[in-house]
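Student: Generate a structure from the sequence data that follows.
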Amino acid sequence: PRIRFPEQAAREGIVSGLTAGMLYRGQPIGVLRVYTNRLRRFRSAQRHLLRAVAGQAAVAIVNARLAEQRLRAAQIERQVQIAGELQARLVRTTPPEFPAVRAAMVFEPSWHIGGDFCDFFLLPDGRFVAAIADVVGHGVHASLLMAYARGALRATSEAGGDLGDLLTRLNRQICQTTDPPEFVTLLLVAIDRDGRRLSFCNAGHEPPLIARGGALIRPEQASLVLGIQPDVAYAEASLEVEPGDFVLLFTDGAIEAMNFEEELYGRERLSEVVLQSSVLPPESALRAIRWDIRRFVGLAEQSDDLTLVGLRIMGEPRPVDQAVDRG
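Tutor: Residues are numbered from 1 along each chain as shown. Modelled structure (predicted):
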């Protein structure tokens with residue numbers, strides 16, 4: 001159709017024009033207009049040509065936008081991948097020298113970055129500590145909170161005190177920096193220098209599994225997760241361990257792993273494979289546990305991180321008379 005323009009357009013020499021909408025799959029992208037400096041009526045073929053050109057222009061614009069989005073997504077993906085590599089290096093630390101314990105770990109985020117972490121360090125009183133934690137949520141947000149919680153744990157441990165004091169101070173710090181929906185589950189396990197006593201403090205985490213002589217010990221004592229109430233007082237508990245005991249710490253990504261039938265791996269399967277593999281060195285035991293979980297889930301995509309810590313107690317056997325004296 002012929003379009004007559006206002007006075008300003010006439011001063012610029014524009015007399016007639018033709019307009020076609022730029023559509024992509026029925027969605028408007030823009031408008032394409034052509035102008036002439038004389039009054040005329042556009043033919044049907046010219047109108048069809050402009051519509052075709054407008055359609056091709058819409059496709060070109062959409063493709064250019066998609067290419068830009070892909071480039072930005074690739075850049076973000078690369079940055080997240082770099083962050084994941086850095087996180088893995090931070091988490092996969094070498095345990096400190098400690099004759100009474102042999103330690104190993106598995107850390108497998110469900111994405112490049114994750115909200116799980118584990119750590120090994122020595123307390124000022126000389127005890128060996130293994131820590132495992134799970135931050136609520138997934139992705140970048142959870143990984144940032146994980147990095148903060150891990151750093152705060154290391155810093156808090158330098159002040160000394162038992163495991164309960166450590167978690168009490170750490171909880172206050174996390175409460176000051178998190179919002180109400182955010183929290184952290186954390187389990188600390190400490191081994192004495194002689195390898196005869198295991199102490200632990202549990203902030204809402206899965207309890208450890210201790211394999212001994214074909215049986216499992218599962219200490220159930222636990223307190224509130226970190227980051228909810230700043231005035232919670234945590235307490236350390238302890239039990240005796242024997243040379244050869246195998247201790248497993250794990251996040252819920254192990255027991256909540258799901259196959260294509262939406263069946264959970266569960267605590268029962270985990271307990272069975274722990275008993276079967278507990279006689280192996282910690283590194284081999286964790287590989288066996290991880291393989292059993294992978295075999296169960298098959299190719300089903302997992303939405304949670306998987307972190308495992310294995311501890312072999314290497315302490316000297318107790319003298320017979322001391323064992324008798326303890327009843």
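
Student: rest of the way, CA atoms for contacts and neighbours
Tutor: OK.

Student: a strand runs through residue 145, doesn't it?
Tutor: No - remark: residue 145 does not belong to a strand; assigned using DSSP: H, G, I helix; E, B strand; the rest coil, it is helix.

Student: Which residue comes closest to it once chain neighbours are left out?
Tutor: Among residues not flanking residue 145 along the chain, residue 135 sits closest, at 7.0 Å (CA to CA, 6 or more residues apart in numbering).

Student: what's the spacing between the one you found and residue 186?
Tutor: Taking CA to CA, to the nearest Å as the measure, residue 135 falls 9 Å from residue 186.

Student: Looking at the two, which has the bigger crowd around it?
Tutor: residue 186 (28 against 24; other CA atoms under 10 Å).

Student: Could you tell me which residues make contact with the more buried one?
Tutor: By CA atoms under 8 Å, 6 or more residues apart in numbering, residue 186 lies in contact with 131, 132, 133, 134, 202, 203, 204, 205, 225, 226.

Student: Name the nearest residue to the second one, sequence neighbours excluded.
Tutor: I take that to be residue 132. Closest residue to residue 132 apart from its sequence neighbours, by CA to CA, 6+ apart: residue 118 at 4.2 Å.

Student: Report the secondary structure element holding the one you found.
Tutor: strand 116-122 (DSSP states H and E).

Student: ok, now residue 59?
Tutor: helix 44-91.

Student: Quick check: mean pLDDT of the helix or strand following that helix?
Tutor: Remark: after helix 44-91, the chain's next helix or strand is strand 101-108, criterion DSSP H and E. Averaged across strand 101-108, pLDDT comes to 93.

Student: Now for residue 27, how many residues are close by?
Tutor: Neighbour count of residue 27, defined by other CA under 10 Å: 10.

Student: Please determine how far it is located from residue 236.
Tutor: Per CA to CA, residue 27 is found 63 Å from residue 236.

Student: ok, back up a step: between the contacts of residue 186, which has the most around it?
Tutor: Of all these, residue 202 has the most neighbours under the rule other CA under 10 Å, reaching 31 neighbours.

Student: Dihedrals phi and psi, residue 149?
Tutor: Torsion angles at residue 149 (phi, psi; degrees, to the nearest 10) stand at phi -60, psi -40.

Student: What pairs with the strand holding residue 118, parallel or antiparallel?
Tutor: strand 128-135 (antiparallel) (DSSP bridges).

Student: could you check the angle strand 101-108 makes with the partner strand?
Tutor: Strand 128-135 and strand 101-108 are oriented at 20 degrees to each other (axes from the mean of the first three to the mean of the last three CA atoms, to 10 degrees).

Student: which of the residues in the helix or strand hosting residue 293 are buried?
Tutor: Assigned by DSSP H and E, residue 293 belongs to helix 282-297. Buried residues in helix 282-297, counted by 16 or more other CA atoms under 10 Å: 282-283, 285-290, 292-294, 296-297.

Student: now do stretch 234-253
Tutor: 234-237, 241-253.

Student: Stretch 116-135 now?
Tutor: For stretch 116-135, using 16+ other CA under 10 Å, the buried residues are 116-123, 127-135.

Student: Run the chain-centre distance for that stretch.
Tutor: 18 Å (CA atoms, centre = their mean, to the nearest Å).

Student: ditto for stretch 156-172
Tutor: With CA atoms, centre = their mean, you get 24 Å for stretch 156-172.

Student: do the same with stretch 206-220
Tutor: With CA atoms, centre = their mean as the basis, stretch 206-220 stands 26 Å off its chain's centre.

Student: How about residues contacting it?
Tutor: Here stretch 206-220 has contacts from 187, 221-222, 242, 244-252, 271, 274-275, 278, using CA under 8 Å, 6+ apart.

Student: Sitting in strands, which of those residues do you find?
Tutor: Among these, DSSP state E puts 187, 246, 247, 248, 249, 250 in strands.

Student: export those to a markdown table and tack on distance to residue 262?
Tutor: Output for the ones in strands among the contacts of stretch 206-220, formatted as a markdown table (distance: CA to CA, whole Å):
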| residue | distance to residue 262 |
| --- | --- |
| 187 | 28 |
| 246 | 30 |
| 247 | 29 |
| 248 | 25 |
| 249 | 24 |
| 250 | 21 |
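
Student: And the furthest pair within those?
Tutor: Comparing all pairs in those by CA to CA, the longest separation belongs to 187 and 246, at 16.4 Å.

Student: and the helix holding residue 59, what other elements does it pack with?
Tutor: strand 16-24, strand 27-36, strand 116-122 (3 or more CA pairs under 8 Å, 6 or more residues apart in numbering; DSSP states H and E).

Student: can you list these in a markdown table and add mean pLDDT?
Tutor: Putting the helices and strands packed on helix 44-91 into a markdown table (pLDDT from 0 to 100) gives the following:
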| stretch | mean pLDDT |
| --- | --- |
| strand 16-24 | 86 |
| strand 27-36 | 86 |
| strand 116-122 | 91 |
